[in-house]
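Student: Predicted model follows, preceded by the sequence.
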Amino acid sequence: MTSCYYVNQWERETYICANISLWDEKRTCLCCLWHLRRGGRVRDPGQHVKISASLFTALLLSIMLPEESWCLTRSQFHHYTFIHQNIDKANYSKRLLNNFSFCVFLGLPNSRKDVVTVTPWLAPVVWEGTFDTNILDAIYKPQNITVATTVFAVGKYVQFLKDYLESAEQYFMLGYRVHYYIFTDQPEAVPTVTLGADRRITILKIPGSDRWQEITLRRMEMIMNLIETQLVNKADYIFCLDVDTKFYGHWGAETLSHLVAAIHYLFYTASRDQFTYERRPESQAYIPYGEGDYYYGGAMIGGLVREVYKVTKTCHLWLNMDKANSIEALWQEESHLNKYFLYNKPTKLLSPEYLWCDPFQSNDVKIIRYSHVWKDVSKVRPN
Ligand SMILES: CC(=O)N[C@H]1[C@@H](OP(=O)(O)OP(=O)(O)OC[C@H]2O[C@@H](n3ccc(=O)[nH]c3=O)[C@H](O)[C@@H]2O)O[C@H](CO)[C@H](O)[C@@H]1O
Ligand SMILES: [Mn+2]
């Protein structure tokens with residue numbers, strides 16, 4: 001057993017990281033090790049603080065930790081996530097809630113051996129088989145949270161709304177308070193969908209556009225404004241989603257975290273130099289070859305409202321800077337999001353189960369939860 005423990009103030013999150021064997025030998029926090037291995041510098045080494053042995057031992061014992069790498073994220077918001085299979089559920093969460101104001105995320109290297117379930121910075125990657133809905137619901141439901149979602153349906157994309165909404169009513173955050181915000185140039189075309197208890201829709205009228213790139217780009221600014229004017233203190237979490245999509249399976253509390261990104265279905269096995277990042281240094285979205293963690297899809301951004309606010313504000317700023325320099329990133333705001341997530345690591349990643357595309361198939365993806373429907377772009381896009 002290790003006798004070495006640090007609280008690592010790294011990126012804006014606080015992690016407690018431990019890997020029993022690595023720590024015994026090297027006395028180095030895993031996050032830093034990862035940076036060192038990649039030729040980078042250790043960030044803020046002065047901020048590594050030892051926590052008390054008794055707290056650490058209590059944590060280890062209380063969660064019956066397997067001797068593997070794991071990570072805890074401290075939360076000022078007092079929410080707790082625990083993902084593990086072999087524990088006495090009720091007893092566990094009670095003990096944890098009583099003893100620690102920690103939000104525990106366990107990337108479970110053992111639960112799925114065929115896919116990557118934890119990132120190099122020790123954020124979990126959510127796959128089927130890595131979480132327990134009963135535990136998560138027991139933790140989140142009493143907190144009475146509100147989950148906002150935004151979706152844009154401009155021009156011919158209003159045709160996707162019906163399936164999007166009806167399927168979300170079947171699978172998305174069931175049992176939680178959900179507030180859909182629909183941005184559209186045709187409020188009258190929003191279909192009437194029967195909503196479950198505690199779920200509602202707000203329609204926001206926005207101008208149309210004759211460039212699809214413009215529509216997708218403008219989302220950042222509009223979501224930022226929505227958060228500023230309507231969501232602060234009204235919603236806890238937010239998911240910003242594409243409309244040309246459908247839910248096919250459970251999407252629940254396992255997706256909640258500070259900052260959540262989804263791995264793009266085309267790139268989850270690709271190497272970083274194959275990622276379609278923006279490669280022109282003139283753009284604010286520029287990521288050089290040799291850098292990058294994952295390629296994230298632009299069709300899903302999630303997390304605490306205040307975290308997503310920062311994403312949209314930063315991307316909006318970068319988009320404006322690019323515009324002033326007459327450059328548009330290769331994949332519009334998706335390119336900027338990828339840049340943002342490179343320097344502000346998501347605290348949770350959703351596997352491609354949560355951002356799939358209908359015609360594709362994969363052995364790793366045991367269940368498709370949310371997917372792009374096939375669209376003939378020449379028929380639905382204005383240009
Ligand atoms: C899987 C995935 O991550 N998809 C991303 C990808 O292509 P996509 O092909 O998925 O982009 P898209 O055509 O679906 O456009 C993104 C979204 O903008 C809205 N819209 C777009 C056009 C229009 O005429 N009306 C309208 O309402 C709509 O909500 C749509 O879902 O790249 C885009 C930017 O280049 C976005 O980052 C998408 O999220
Ligand atoms: Mn789309």
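Tutor: Perfect, thanks for sending it. Ligands and ions are numbered 1, 2, ... in the order given.
Student: interface residues of the stretch 201-350 of the chain facing ligand 2?
Tutor: Selection of the stretch 201-350 of the chain residues close to ligand 2 by Cβ under 5 Å from the ion yields 242, 244. Placement of C-beta: from N, CA and C, glycine included.
Student: who are the neighbours in contact with the residue in the stretch 201-350 of the chain that ligand 2 sits nearest to?
Tutor: Nearest residue of the stretch 201-350 of the chain to ligand 2, counting by Cβ to the ion: residue 242, 3.6 Å away. Taking Cβ atoms under 8 Å, 6 or more residues apart in numbering, we find residue 242 in contact with 151, 298, 299, 300, 372.
Student: give me that answer again for 10 Å
Tutor: 151-152, 157, 160, 164, 216, 219, 297-300, 355, 370, 372-373 (Cβ atoms under 10 Å, 6 or more residues apart in numbering).
Student: separation between it and residue 333?
Tutor: To residue 333, residue 242 is 11 Å away according to Cβ to Cβ, to the nearest Å.
Student: Lowest-confidence member of the contacts of residue 242, which is it?
Tutor: Note: of the contacts of residue 242, the lowest pLDDT belongs to residue 216, at 91.
Student: count of residues packed around that one?
Tutor: Residues near residue 216, counting by other Cβ atoms under 10 Å, number 19.
Student: Any chance of the backbone angles for it?
Tutor: phi -70, psi -40 (degrees, to the nearest 10).
Student: ok, it - contacts?
Tutor: Shown in contact with residue 216 (Cβ under 10 Å, 6+ apart): 152, 154, 209, 242, 298, 299, 331, 332, 333, 334.
Student: swap the cut-off to 6 Å and go again
Tutor: Residue 216 makes contacts with residue 332, as judged by Cβ atoms under 6 Å, 6 or more residues apart in numbering.
Student: Across the sheet, point out what pairs with the closest residue to residue 280 other than its chain neighbours.
Tutor: Distances taken as Cβ to Cβ, 6 or more residues apart in numbering put residue 286 closest to residue 280, at 6.2 Å, once the chain neighbours are dropped. Note on residue 286: beta-bridge partners residue 278, judged by DSSP bridges.
Student: my guess is residue 286 contacts residue 277, does it?
Tutor: No - Residue 286 lies out of contact with residue 277 (Cβ atoms under 6 Å); the separation is 7.9 Å.
Student: Residue 263 against residue 293, yeah?
Tutor: No - the criterion here is Cβ under 6 Å, and residue 263 misses it with residue 293 at 9.7 Å.
Student: more crowded one of the two?
Tutor: Shown here are residue 263 and residue 293; by other Cβ under 10 Å, residue 263 has more neighbours (26 against 19).
Student: how about low-confidence regions in this protein?
Tutor: Scanning the chain for pLDDT under 70 picks out the ranges 1-113, 121-122, 135, 139.
Student: and the gap between whichever residue of it sits closest to ligand 1 and residue 184?
Tutor: Proximity of the chain to ligand 1 (Cβ to the nearest ligand atom) peaks at residue 298, 2.2 Å away. The gap separating residue 298 from residue 184 is 19 Å, by Cβ to Cβ.
Student: wait, doesn't residue 356 sit right on residue 264?
Tutor: No - Residue 356 lies out of contact with residue 264 (Cβ under 6 Å); the separation is 9.9 Å.
Student: quick one: the helices in the stretch 201-350 of the chain?
Tutor: Assigned helices in the stretch 201-350 of the chain, in chain order: 212-226, 305-324, 332-343 (criterion: DSSP state H, counting those that start in this stretch).
Student: so which of those helices is the most packed in?
Tutor: helix 332-343 (a mean of 22; mean count of other Cβ atoms under 10 Å).
Student: can I get the CA coordinates of that one in PDB?
Tutor: Only the C-alpha atoms of helix 332-343 are listed here, as PDB (Å, rounded to 0.1, in the frame of the first residue of the first chain):
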ATOM      1  CA  GLN A 332     -16.100  25.700 -37.200                       C
ATOM      2  CA  GLU A 333     -16.900  25.700 -33.500                       C
ATOM      3  CA  GLU A 334     -16.000  22.000 -33.200                       C
ATOM      4  CA  SER A 335     -12.400  23.000 -33.900                       C
ATOM      5  CA  HIS A 336     -12.400  25.600 -31.300                       C
ATOM      6  CA  LEU A 337     -14.000  23.200 -28.800                       C
ATOM      7  CA  ASN A 338     -11.200  20.800 -29.400                       C
ATOM      8  CA  LYS A 339      -8.700  23.500 -28.700                       C
ATOM      9  CA  TYR A 340     -10.600  24.500 -25.500                       C
ATOM     10  CA  PHE A 341     -10.700  20.900 -24.200                       C
ATOM     11  CA  LEU A 342      -7.000  20.400 -24.900                       C
ATOM     12  CA  TYR A 343      -6.100  23.200 -22.400                       C
END
